[in-house]
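Chemist: below is the structure, and that's it, no one-letter string:
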């Protein structure tokens, strides 16, 4: 069945450091892929998405490229800020339009 | 603000009780989804409604049920509550289905069962 695997957290970085959060998936076909972010005490916000192989999603300095060869969708940001501290979820769109989420990766950025 | 509203924000109740969670989708969105976020299970899909009709079920317990009304708001009913039902329940909505489905999430209802 479909599944998503994310690197375990927490990830702790200093401000302006480079961020990578790994995400790999198992799926039939080529599903749409998403990164959602959950700030403390809030709901999920869509950060970026990619709907087909080699697509690059980007938003607010974050990027992720849909790699079908490695079944991956790693999240990257060149220079993180304290305000990026949150939990990040990788997800794929499975059958019947249900989102299948990874376990989430907590990011803590310190000044 | 995603445009999806959920009430109540917090709910504290006892085992064996029944509660109803309410969700209003974004204006124009016909699809409503319910997800459960718990420490041991993570984020899991529960159920999907489209324009009043049930479209898909995930790992939703038989004690749980949902419906979508003609005005498109949705309610999730949880009965015979157990301690393990304590979780954050999210509603999401989308205007289309299929590959370009982009789901917008509400702020969630935190349920605590004592």
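Modeler: On my side now, so go ahead. This is a predicted model, so every value here is computed, not measured.

Chemist: just to check, residue A:108 is in contact with residue A:17?
Modeler: No: counting by Cβ atoms under 8 Å, residue A:108 stays clear of residue A:17, with 11.4 Å between them. Placement of C-beta: from N, CA and C, glycine included.

Chemist: pLDDT at the closest residue to chain A within chain B, what is it?
Modeler: Closest approach between chain B and chain A, counting by Cβ to the nearest Cβ: residue B:56, at 3.3 Å. Note for residue B:56: predicted pLDDT of 92.

Chemist: please apply the same query to residue A:42.
Modeler: Reading off the model, residue A:42 has pLDDT 86.

Chemist: tell me how many other residues surround it.
Modeler: For residue A:42, the neighbour count with other Cβ atoms under 10 Å in any protein chain shown is 13.

Chemist: what's the distance between it and residue A:33?
Modeler: 22 Å (Cβ to Cβ, to the nearest Å).

Chemist: and what of residue B:106?
Modeler: 22 Å.

Chemist: looking at those two, which has the bigger crowd around it?
Modeler: When neighbours are counted by other Cβ under 10 Å, residue A:33 comes out ahead of the other of residue B:106 and residue A:33, with 28 against 25.

Chemist: what's the spacing between the spatially closest residue to that one that is not a sequence neighbour and residue B:26?
Modeler: Leaving aside its sequence neighbours, residue A:33 sits nearest to residue A:73 (Cβ to Cβ, 6 or more residues apart in numbering or on different chains; 4.4 Å). Counting by Cβ to Cβ, the gap from residue A:73 to residue B:26 is 25 Å.

Chemist: out of the two, which sits in the busier spot?
Modeler: The residue with more neighbours, out of residue A:73 and residue B:26, is residue A:73; 28 against 17, by other Cβ under 10 Å.

Chemist: look up the pLDDT of that one for me, please.
Modeler: In this model, residue A:73 carries a pLDDT of 98.

Chemist: picking that back up, so who does the residue nearest to residue A:33 touch?
Modeler: The neighbourhood of residue A:73, defined by Cβ atoms under 8 Å, 6 or more residues apart in numbering or on different chains, consists of A:23, A:24, A:25, A:33, A:35, A:50, A:64, A:65, A:66, A:67, A:90.

Chemist: in a helix, residue B:84, correct?
Modeler: Yes: judged by DSSP: H, G, I helix; E, B strand; the rest coil, residue B:84 forms part of a helix.

Chemist: any idea how far residue B:78 is from it?
Modeler: Separation of residue B:84 from residue B:78 (Cβ to Cβ) stands at 11 Å.

Chemist: report how many residues lie close to the closest residue to residue A:15 other than its chain neighbours.
Modeler: Setting aside the residues directly before and after it, residue A:15 is nearest to residue A:111 in space (Cβ to Cβ, 6+ apart), at 5.3 Å. Residues lying near residue A:111 (other Cβ under 10 Å) number 7.

Chemist: was I right about residue A:111 contacting residue A:82?
Modeler: Yes: between residue A:111 and residue A:82 there is a contact at 5.8 Å, judged by Cβ under 8 Å.

Chemist: beta partners for residue 50?
Modeler: In the absence of a named chain, this looks at chain A. For residue A:50, the beta-bridge partners are residue A:33 (DSSP bridges).

Chemist: chain B was what I was after
Modeler: Assessed by DSSP bridges, residue B:50 has beta-bridge partners residue B:31, residue B:53.

Chemist: that'll do, ta.
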